[in-house]
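Asks: Whatever this is, show me its structure:
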Amino acid sequence: MSAVAKNKLIIALSLAMFLAAVEGTIVTLATPTIVKDLAGFDLISHVFSVYLLTGALASPVYGKLSDLYGRKRTLMVGIAVFLAGSALCGLAQGMGMLIAFRALQGIGAGAIYTVPMILVGDVFPLRERGKVQGSLSMVWGIAGLFGPFLGGLLIDLLSWHWIFFINIPFGILTLVILQTSLHEEARHERRHIDFPGIVALTGAMLAFLAIFLFGETGGTLLTVRNALLLLSSLVLLFVFWRIERRSPEPLVPLDVLTRSSVFVNVISLFFMAALIGIDVYAPIYLQNIKGLTPLLAGLVLLPMSLSWMLASIPVGRFIVRFGGKPVLGVGTALALVGIVPLLFLTSSSPVPLLVALVFFLGIGFSVSMSTQMMIIQDSVGFEKRGSAVAVNSLVRNLGQTVGISVFGALFNLGIVRGFEAGGIVTYDLGNLYDLGSYQLGVTWDQVVVVLTDAVHVVFAVFAAVVALCLLLALVMPRPVLVSQPKGAPPLPEGPDGPRAAEAPEAQ
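Replies: Sure thing, here's the model as predicted:
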């Protein structure tokens, strides 16, 4: 591909990622306003969990479809579904409607988060890939810059409904650019679609994730219903494994799971759980405990987007020079160092300290996550890259979905226990902001103390999860990266799958 064509591709992918980046920035920032308006504070995690759930289920399907029918067509279908979900979210008049339409939006988002990363792995060698991913990360920085301003203005001048409508013009522009800039050869041959595998995997994931969604409202995970759900999930996973072994075009080719990629996928699972927790509960801390407006809270979080962008640029060269395992370990360690101080934040913590913390967090998360994706992209050959990246997207979304559900349960439990310890017996989790829902004499300062303790609980869990990721990064086997041009002869097999020198560009 020529340099001009590559630049056009980067622009097209940047627009697609900007669509998702703006949505994520604005929705996480606007969540306190949304749940206050719709009286659904106790359902705050569901706004994210159903979105992530459907995105997780859709990711491997989009990955396989992109292998079968082309990246461009698959990405454009996903964007169209995302826009339909966005329009319906903007029309929602209740928490139930919003949660249902977020599910549809998530189905489309599965393509936006998966297919651009597959295209980057297809077109750019490892040495260039860090720069390209840095450019895509810049999109998140720009979204972090304009998202808070745009979201704050829309909420203050119009209503929160417009944070979803704003996706539509960006999405239409993205479709136009993709149609005119990305050219793929048409694929007319009939291909097998693994519908039994799709059904089995979807059923297994729905049963597993229902454990956490039901457990949040039920107060405990140790129930007969959840035991049956877990058993059903395990049985369906076994059925899925048997189907994949026999399918001529498996949804998830089992040989994409090398020893090192299994470790990376497990790290991604837990790491993304911690990241979504910070994305959701940092704005809650800033707005509900620190007392900042949505606009100011967005500005405080902006340095995380900027440092994320800057730190991702040299990652590819670091991997070429030092290897994937050391870079992954350093990035994960930096993320852990950035999370630990969150355990000591209070309502009086100075804003410059918060800015410094989120800037440092952006560096750690960026280095670790960029390295995870690059290892996955080069763990298999071209013809299976879509499936390998889609599996990683699946486990990332699962981590976010399970994580936000568990964190929501812990957060709500922390609030309930805090009220009980403070002698507050009359309250409504759905109307937490309304002092009229409490007994007489309760002040907002008392509520802030309870919220602070509950936020500290989830921050402590974030630290424990990232510490586990660091341990896994230290003990994982050294990745064996496959980097061969399309059409090259197959590489000899090694214990980790197709063997090639790690980072041939460095030779």
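Asks: neighbours of Leu231, just the number please.
Replies: 11 (other Cβ atoms under 10 Å). Bear in mind the C-beta positions are built from the backbone N, C-alpha and C, glycine included.
Asks: Can you say which helix or strand has it in it?
Replies: helix 224-246 (DSSP states H and E).
Asks: Could you chop the protein up by domain?
Replies: Domain assignment for the chain by automatic domain parsing gives 3-183+249-506, 194-248.
Asks: Give me the distance from the longest one to the chain's centre.
Replies: Here domain 3-183+249-506 shows a centroid-to-chain-centroid distance of 3 Å under the convention Cα atoms, centre = their mean, to the nearest Å.
Asks: what mean pLDDT does that domain have?
Replies: Computed over domain 3-183+249-506, the mean pLDDT rounds to 76.
Asks: Would you mind finding the most buried of the domains of the chain?
Replies: For the domains of the chain, average neighbour numbers computed from mean count of other Cβ atoms under 10 Å are highest in domain 3-183+249-506, which has a mean of 20.
Asks: before we move on, back to that, next secondary structure element downstream of the helix holding Leu231?
Replies: Next along the chain from helix 224-246, counting by DSSP H and E, comes helix 259-284.
Asks: helix or strand right after that following helix?
Replies: helix 294-312.
Asks: Please name the residues that touch Asn265.
Replies: 257, 376, 391-392, 395 (Cβ atoms under 8 Å, 6 or more residues apart in numbering).
Asks: wait, Ser181
Replies: Counting by Cβ under 8 Å, 6+ apart, Ser181 has contacts 8-9, 11-12.
Asks: quick one: it and Thr174, what's the gap?
Replies: In this view, Ser181 and Thr174 are 11 Å apart by Cβ to Cβ, to the nearest Å.
Asks: Could you tell me which residues touch both of these two?
Replies: Ala12.
Asks: now Lys325, nearest residue through space, not along the chain?
Replies: In space, and not counting its chain neighbours, Lys325 is closest to Arg478: 5.4 Å by Cβ to Cβ, 6 or more residues apart in numbering.
Asks: Doesn't the one you found lie inside a strand?
Replies: No: counting by DSSP: H, G, I helix; E, B strand; the rest coil, Arg478 is not part of a strand but coil.
Asks: hmm, back to that, among the contacts of Asn265, which are in helices?
Replies: Among those, DSSP state H puts 376, 391-392, 395 in helices.
Asks: how about those residues in TSV, adding distance to Pro32?
Replies: Compiled in TSV, the ones in helices among the contacts of Asn265 are given as follows (distance: Cβ to Cβ, whole Å):
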residue	distance to Pro32
Ile376	34
Val391	34
Asn392	31
Val395	29
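Asks: wait, which of those is closest to Gly106?
Replies: Distance to Gly106 across the ones in helices among the contacts of Asn265 (Cβ to Cβ) is lowest for Val395, with 15.7 Å.
Asks: From Met373, how far out is Ser366?
Replies: 11 Å.
Asks: And Phe263, by the same measure?
Replies: 14 Å.
Asks: give me the element Met373 is part of.
Replies: Judged by DSSP H and E, Met373 forms part of helix 351-377.
Asks: Just the angle for that helix relative to helix 294-312, thanks.
Replies: Counting by axes from the mean of the first three to the mean of the last three Cα atoms, to 10 degrees, helix 351-377 points 50 degrees away from the direction of helix 294-312.
Asks: tilt between helix 351-377 and helix 259-284?
Replies: Going by the same axes, to 10 degrees, helix 351-377 makes 150 degrees with helix 259-284.
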